[in-house]
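>>> Predicted model and sequence follow; I will ask about them next.
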Amino acid sequence: MLAAGLESAVRLLSGIGRPADRAADALTRLDRTIQRAYGRYGFPRHPGRSDPDIGAAFLLPPFRDAVNEPALQRLIGILPRLRRPAGGLAPGVTWHQDGISWTPETATVAAVFARTGQVARAAEMVQWLADHRTTGGSYPEKLLETGDPAAVAPLAWTAAATLLAIEKLPPDIKG
């Protein structure tokens, strides 16, 4: 998220006519550090370990301007290991094996897929989110293995990420 913020700062500073060199240099250094500490290990939760998670999503649109192809391929590759019995995603492959699906993570990955050409995957996730709203129509933070809502609702992160996904889905898929 820091890299996404720095990238936005470069755009903002440039847009208002202020020098953006320091922010751009910091972004370049941070991107190199991310690649060195995380990318070469498959974008794990912890540097040097083999525990990939959805953190790779934050290196991709809509959070970053350009598609980081290795991060996208890693995210696609770990989907089966992130998938939970109710159909949503866990935050990471080594996350608790308790069957709980997390809606913020599912919506975040849907937003990334919608913006990186993975439209069918995005649409499937958006539909799953729609099918698992609370009786009041909001998104819960998580769902039990049975698909029943658990924890807090409404959850703004899930709603915002779902909107980011829906915005980029073709009209015929939005339903």
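Sure thing, it's come through. Numbering: from 1, shown residues only.

>>> For the nearest residue to residue 107 once chain neighbours are set aside, give me its contacts.
Of all residues not flanking residue 107 in the chain, residue 161 sits nearest, at 3.5 Å (C-beta to C-beta, 6 or more residues apart in numbering). No exception for glycine: its C-beta is placed from N, CA and C like everyone else's. Applying C-beta atoms under 8 Å, 6 or more residues apart in numbering to residue 161 gives the contacts 104, 107, 108, 110, 111.

>>> so how far is residue 51 from the closest residue in space to residue 81 that isn't next to it in sequence?
Leaving aside its sequence neighbours, residue 81 sits nearest to residue 93 (C-beta to C-beta, 6+ apart; 4.3 Å). As judged by C-beta to C-beta, to the nearest Å, residue 93 and residue 51 stand 6 Å apart.

>>> now residue 18
Distance from residue 18 to residue 51, by C-beta to C-beta: 40 Å.

>>> for residue 165, same thing?
25 Å.

>>> now residue 84
17 Å.

>>> Equivalent analysis for residue 122, please.
Residue 122 is 25 Å from residue 51, by C-beta to C-beta.

>>> higher neighbour count, those two?
Set residue 122 next to residue 51 and count neighbours by other C-beta atoms under 10 Å: residue 122 wins out with 24 against 14.

>>> got a list of what the more buried one touches?
Residues counted as contacts of residue 122 (C-beta under 8 Å, 6+ apart) are 110, 111, 113, 114, 165, 168, 169.

>>> same thing but 7 Å
110, 113, 114, 165, 169 (C-beta atoms under 7 Å, 6 or more residues apart in numbering).

>>> which of those has the most neighbours?
residue 110 (30 neighbours).

>>> mind showing which ranges of this structure have poor pLDDT?
Confidence mapping of the chain against pLDDT under 70 gives the ranges 174-175.

>>> Residue 103: what's it in contact with?
By C-beta under 7 Å, 6+ apart, residue 103 lies in contact with 88, 129, 139, 140, 141, 142, 143, 155, 158.

>>> Cool, thanks, signing off.
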